[in-house]
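Student: sequence first, predicted coordinates after that:
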Amino acid sequence: MSKQTLSFQAEVKQILHLVTHSLYSNKEIFLRELISNASDACDKLRFEALNNSALFEDAPNLEVRVSFDAEAKTITIRDNGIGLSADEAVANLGTIAKSGTREFMAALEGEQKKDAQLIGQFGVGFYSGFIVAERITVESRRAGLKPEEGVRWSSEGAGDFEVETITRAERGTSVTLHLRAEESEFLSAWKLKSVIGKYSDHISLPILMQKEEWDAEAGKQVTKDEWAPVNKAAALWTRSKGDITAEQYTEFYKQISYDTEAPLAYTHNRVEGRSEYTQLLYIPAKAPFDLWNRDKRGGVKLYVKRVFIMDDAEALMPVYLRFVKGVIDSADLPLNVSRELLQESRDVKAIREGSTKRVLSMLEALADNEDAAEKAKYAAFWKDFGAVLKEGVGEDHANHERLCKLLRFASTHAEEGVSLTDYVGRMKEGQEAIYVITADSLAAAKSSPQLEIFRKKGIEVLLLVDRVDEWLLSHLYEFDGHNLQSVVKGAVDLGKLQDEAEKKQAEEAATTFKPVLDRLKETLKDRAKDVRVTTRLVDSPACLVVEEGDMSGHLARMLKQAGQSAPKSQPTLEVNADHALVKRLETSEHFDELAHILFDQALLAEGGQLEDPAAYVRRVNALLVA
Ligand code: ADP
Ligand code: MG
């Protein structure tokens with residue numbers, strides 16, 4: 001291929017524009033990104049060579065070399081990894097295959113600090129070279145191709161790039177950055193070493209730099225042709241816990257997760273037994289932008305005996321723990337394990353179970369911590385990830401009990417952070433059920449008429465306002481021997497919480513009120529399944545309830561919003577026989593009007609929508625002037 005000039009994909013142009021104009025802080029991460037690419041390239045070679053050892057040619061020792069030329073103002077990062085063919089150079093360095101570009105740009109266009117660290121998160125790390133370089137030249141030859149099939153790729157990071165075929169004896173890739181004049185601080189062995197030490201110490205390949213020597217005659221440091229490693233070259237998780245600092249754990253986390261913040265918690269263990277493996281797992285402090293994508297693969301990388309096998313190995317973690325990041329290094333799995341094989345492997349099953357338990361222990365350690373700061377961490381975790389963890393209650397039967405204990409809710413007693421254990425501890429003498437209400441919002445839940453009797457008696461009710469809560473309830477009927485009972489379902493049954501006098505009063509009201517109830521039933525026969533007197537209301541005249549087993553109005557509305565059809569079941573209207581408005585019914589000449597108004601108001605009070613709002617307005621107005 002003779003020299004060609006090609007245009008970058010539109011998204012790349014946008015990214016490049018942002019990279020060269022917007023990133024001011026943490027510029028030095030370009031080195032981390034390029035070394036990380038070099039390390040990935042070596043991992044890929046090792047992996048492909050499992051089936052074709054000829055790819056190692058005569059250079060089986062994989063390594064990265066970093067050098068600089070102060071006169072030419074260049075830095076070169078060279079690896080002997082898989083390399084790029086000419087086609088791959090065009091495709092991989094000229095287009096972005098991954099999603100998330102838009103999110104990246106949005107993140108940078110916002111008011112946030114223009115932090116270069118953001119870049120790796122979106123799979124566009126290569127372009128970070130243009131933060132400091134006015135031109136980048138890449139020379140490469142893919143493992144297995146002939147020396148004449150090398151490629152040179154070069155660009156100034158604006159609209160286009162050049163590619164041409166070259167002859168290159170060495171396998172792998174050299175990335176040369178031609179630094180902008182104002183970035184010469186990087187033209188120093190000391191500076192480069194310190195950046196590598198900060199960001200890339202855990203890379204499991206040797207990163208080599210040339211030794212330097214003081215030349216008295218020239219009066220300056222000169223580089224020798226002798227290369228020495230500048231990193232520990234031992235994968236972090238293979239080192240013993242005692243040798244790893246908290247900063248190193250954090251930096252490793254940032255590297256694999258592309259998060260800019262430190263993790264909330266981590267756990268590092270060597271597991272021995274039926275299955276032997278090392279796990280280093282992190283819980284992020286903040287939810288990533290794609291948390292809600294259940295199809296997204298997990299954040300755990302799989303290694304086998306230190307050889308990188310795959311990213312995002314979803315079989316290693318249950319879906320509801322998809323936010324966990326980290327590494328699992330197995331001693332038992334075959335090196336040529338495929339995704340399909342992973343799904344069936346008994347070793348993987350053991351790893352998944354073991355890792356799930358570890359993550360839950362980490363969460364429990366935060367949640368049950370006496371230390372207020374640790375507890376606050378759990379509250380923060382819950383805010384971002386609680387709804388995802390709830391999925392586990394329905395999906396992970398083995399850990400059902402533990403997951404239930406980790407749940408947190410709002411209640412009539414506390415704005416947030418109420419656990420089921422807290423609730424049970426506060427239950428009233430004689431209380432059997434755990435009372436809950438589901439609603440569209442906290443405000444709607446709090447002002448729900450169904451809560452009135454509970455408030456009056458000081459009985460706590462959990463307020464469930466997350467979209468997944470209805471679903472959660474269908475998998476959570478019981479905790480610690482107590483049934484969960486929705487206060488909007490079935491007749492109110494406070495059991496022993498109601499005294500004899502109250503029960504008697506209610507029965508009497510039902511009898512004396514019977515003629516009115518019968519008329520109400522007749523009038524509302526197209527809208528209400530039944531009409532009955534209730535003791536659950538104190539200040540409100542009426543409310544709607546559904547029968548046990550029927551779908552709550554809240555769930556039906558959610559389904560409707562989601563474009564799904566909800567089975568039509570009529571609610572039951574419950575009236576408060578002590579309420580003035582209800583009493584007035586007996587003698588009112590506007591009985592039918594009032595009946596409909598009662599029903600409509602009950603529907604509005606629970607956040608429902610009137611089918612015929614105009615009719616409601618007409619009725620109310622007619623009564624106002626009557
Ligand atoms: P990511 O590393 O997340 O894939 P980058 O922008 O860092 O994104 O790199 C883009 C692509 O360029 C890589 O996926 C890889 O295909 C290719 N690439 C970059 N550096 C190298 C290298 N040193 N050796 C081989 N391929 C590379
Ligand atoms: Mg990269």
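Tutor: Arrived safely. Ligands and ions are numbered 1, 2, ... in the order given.
Student: all strands of the stretch 501-626 of the chain, in order?
Tutor: Here the stretch 501-626 of the chain has its strands, by DSSP state E, counting those that start in this stretch, at 530-533, 542-545, 572-575.
Student: so which of these comes closest to residue 184?
Tutor: Comparison of the strands of the stretch 501-626 of the chain against residue 184 by Cβ to Cβ identifies strand 542-545 as nearest, at 73.6 Å. C-betas here are computed from N, CA, C, even on glycine.
Student: just checking, what packs against that closest one?
Tutor: Applying 3 or more Cβ pairs under 8 Å, 6 or more residues apart in numbering; DSSP states H and E, we find strand 542-545 packed against strand 572-575, helix 591-605.
Student: in contact with residue 457, which residues are there?
Tutor: Residue 457 sits next to 428, 494, 497 when contact means Cβ atoms under 8 Å, 6 or more residues apart in numbering.
Student: any idea how far ligand 2 is from it?
Tutor: With distances taken as Cβ to the ion, to the nearest Å, residue 457 is found 61 Å from ligand 2.
Student: give me the pLDDT for that residue.
Tutor: Here, the pLDDT recorded for residue 457 equals 89.
Student: would you confirm that residue 364 contacts residue 406?
Tutor: Yes: counting by Cβ atoms under 8 Å, residue 406 is a contact partner of residue 364 at 6.9 Å.
Student: which one's more surrounded, those two?
Tutor: The neighbour count for residue 364 versus residue 406, taken as other Cβ atoms under 10 Å, is higher for residue 406 (23 against 14).
Student: and the pLDDT for the more buried one?
Tutor: pLDDT, residue 406: 98.
Student: same check, this time on residue 495
Tutor: pLDDT, residue 495: 66.
Student: check residue 507 too.
Tutor: Taking residue 507 on its own, its pLDDT is 82.
Student: and it, how far from ligand 1?
Tutor: When Cβ to the nearest ligand atom, to the nearest Å is the yardstick, residue 507 and ligand 1 sit 71 Å from each other.
Student: what number of residues lie near the residue nearest to residue 229 when sequence neighbours are not counted?
Tutor: With sequence-adjacent residues excluded and distances taken as Cβ to Cβ, 6 or more residues apart in numbering, residue 229 is closest to residue 206, at 4.3 Å. By the criterion of other Cβ under 10 Å, residue 206 has 18 neighbours.
Student: so who does residue 206 touch?
Tutor: So residue 206 contacts 63-64, 229, 231, 233 (Cβ under 8 Å, 6+ apart).
Student: which of these lies closest to ligand 2?
Tutor: residue 64 (13.3 Å; Cβ to the ion).
Student: backbone dihedrals for the closest one, please?
Tutor: phi -120, psi 130 (degrees, to the nearest 10).
Student: just list the residues touching it, thanks.
Tutor: Contacts of residue 64 by Cβ under 8 Å, 6+ apart are 35, 38-39, 42, 77-79, 203, 205-208.
Student: near ligand 1, which residues of the stretch 201-350 of the chain show up?
Tutor: The stretch 201-350 of the chain has no residues near ligand 1, with proximity defined as Cβ under 6 Å from any ligand atom.
Student: what about residue 326, which SS state?
Tutor: Following DSSP: H, G, I helix; E, B strand; the rest coil, the label given to residue 326 is strand.
Student: surely it touches residue 252?
Tutor: No: at 9.2 Å, residue 326 and residue 252 do not qualify as touching, with contact defined as Cβ under 8 Å.
Student: which residues are common contacts for the two?
Tutor: Residues touching both residue 326 and residue 252 (Cβ under 8 Å, 6+ apart) are residue 280.
Student: list the buried residues of stretch 51-66.
Tutor: Within stretch 51-66, the residues that count as buried by 16 or more other Cβ atoms under 10 Å are 55-56, 62-66.
Student: shouldn't residue 211 be within a strand?
Tutor: Yes: secondary structure assignment places residue 211 in a strand (three-state DSSP).
Student: tell me the contacts of it?
Tutor: Each residue near residue 211 by Cβ under 8 Å, 6+ apart is listed here: 223-224, 226-228.
Student: got the residues of this protein near ligand 1?
Tutor: 33, 37-38, 40-41, 79, 81-84, 92-93, 123-126, 173.
Student: rerun that using 5 Å as the cut-off
Tutor: The chain comes close to ligand 1 at residues 37-38, 41, 84, 92, 123-126, 173, as judged by Cβ under 5 Å from any ligand atom.
Student: would you turn the residues you listed into TSV with neighbour count, secondary structure and pLDDT?
Tutor: Converted to TSV, these look like this (neighbours: other Cβ atoms under 10 Å; DSSP: H, G, I helix; E, B strand; the rest coil; pLDDT from 0 to 100):
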residue	neighbour count	secondary structure	pLDDT
37	21	helix	93
38	28	helix	96
41	24	helix	95
84	24	coil	97
92	15	helix	93
123	15	coil	67
124	22	coil	79
125	19	helix	85
126	21	helix	93
173	27	strand	98
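Student: distance of the residue in the chain that ligand 2 sits nearest to relative to residue 96?
Tutor: Relative to ligand 2, the nearest point of the chain is residue 125 (3.4 Å; Cβ to the ion). Distance, residue 125 to residue 96, by Cβ to Cβ, to the nearest Å: 11 Å.
Student: next, count neighbours for the closest residue to ligand 1 within the stretch 451-600 of the chain.
Tutor: Among all residues of the stretch 451-600 of the chain, residue 468 sits closest to ligand 1, at 31.5 Å; criterion: Cβ to the nearest ligand atom. The number of residues packed near residue 468 is 16, by other Cβ under 10 Å.
Student: and for the one 4 residues further on?
Tutor: Other residues lying near residue 472 total 21 when counted by other Cβ under 10 Å.
Student: where does residue 169 fall, helix, sheet strand or coil?
Tutor: Classified using three-state DSSP, residue 169 is coil.
Student: not counting its neighbours along the chain, what's nearest it?
Tutor: Closest residue to residue 169 apart from its sequence neighbours, by Cβ to Cβ, 6+ apart: residue 147 at 5.2 Å.
Student: next up, the contacts around that neighbour.
Tutor: Contacts for residue 147 (Cβ under 8 Å, 6+ apart) come out as 141, 167-169.
Student: pLDDT score for it?
Tutor: Per-residue confidence at residue 147 stands at 96 (pLDDT).
Student: go on, residue 400?
Tutor: The per-residue pLDDT reported for residue 400 equals 96.
Student: so how many other residues sit close to the closest residue to it other than its chain neighbours?
Tutor: Of all residues not flanking residue 400 in the chain, residue 393 sits nearest, at 6.5 Å (Cβ to Cβ, 6+ apart). Around residue 393 sit 23 other residues, with neighbours defined as other Cβ under 10 Å.
Student: sec struct for residue 393, please.
Tutor: helix.
Student: and it, how far is that from residue 399?
Tutor: 9 Å.
Student: likewise residue 565?
Tutor: For residue 565, the distance to residue 399 - Cβ to Cβ - is 34 Å.
Student: more neighbours, these two?
Tutor: Shown here are residue 565 and residue 399; by other Cβ under 10 Å, residue 399 has more neighbours (19 against 8).
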